[in-house]
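S.K.: Only the shape, not the letters, is given here:
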């Protein structure tokens, strides 16, 4: 029996960035949805129940850090893998990323192979240590 494809929610206020990431992953057999704001992403998490959430940090309204905290709180132990995909890579941001419960951090532009490998590793081995 073939395992179900990973479900990945891509969230970025830049529609092109969210859509492109979702389309790239879909081309490799990942089930994806794209959302463009924190509140609509929270609603999608409840219905879509993603295995992985790829979040931009710099979004108006609810930023990616707050969104990650809310996803983590709502999901408890059954939370999705939380991944940043952002232009921010300074030390302060990295500290905030860790404090917000993110599992992985990627800086834009991400090499598609690196993102796909991270998802394959998660599928094979679970959450990174």
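M.R.: Cool, the structure landed. Please read all numbers here as calculations on a predicted model, not as lab measurements. Residues are numbered from 1 along each chain as shown.
S.K.: Roughly how far does residue 65 sit from residue 3?
M.R.: 31 Å (CB to CB, to the nearest Å). All C-beta spots, glycine's among them, are computed from the backbone N, C-alpha and C.
S.K.: which one of these two has more residues nearby?
M.R.: residue 65 (20 against 6; other CB atoms under 10 Å).
S.K.: I figured residue 48 hits residue 33, correct?
M.R.: Yes: between residue 48 and residue 33 a contact is recorded at 5.4 Å, counting by CB atoms under 8 Å.
S.K.: What average pLDDT does whichever strand or helix holds residue 68 get?
M.R.: When elements are assigned from DSSP states H and E, residue 68 belongs to helix 64-75. The average pLDDT for helix 64-75 rounds to 92.
S.K.: ditto for stretch 54-61
M.R.: Rounded mean pLDDT across stretch 54-61 is 96.
S.K.: Quick one: low-confidence residue ranges for this structure.
M.R.: For the chain, applying pLDDT under 70 flags the ranges 1-2.
S.K.: how about the strands of it, start to end?
M.R.: 7-11, 31-35, 52-55, 81-86, 104-107 (DSSP state E).
S.K.: could you check the angle helix 64-75 makes with the second one?
M.R.: Going back to what we said before, that points to strand 31-35. Orientation note: strand 31-35 sits at an angle of 130 degrees relative to helix 64-75 (axes from the mean of the first three to the mean of the last three CA atoms, to 10 degrees).
S.K.: Mutual contacts of residue 48 and residue 33, please.
M.R.: Here residue 48 and residue 33 have 7, 9 as joint contacts, going by CB atoms under 8 Å, 6 or more residues apart in numbering.
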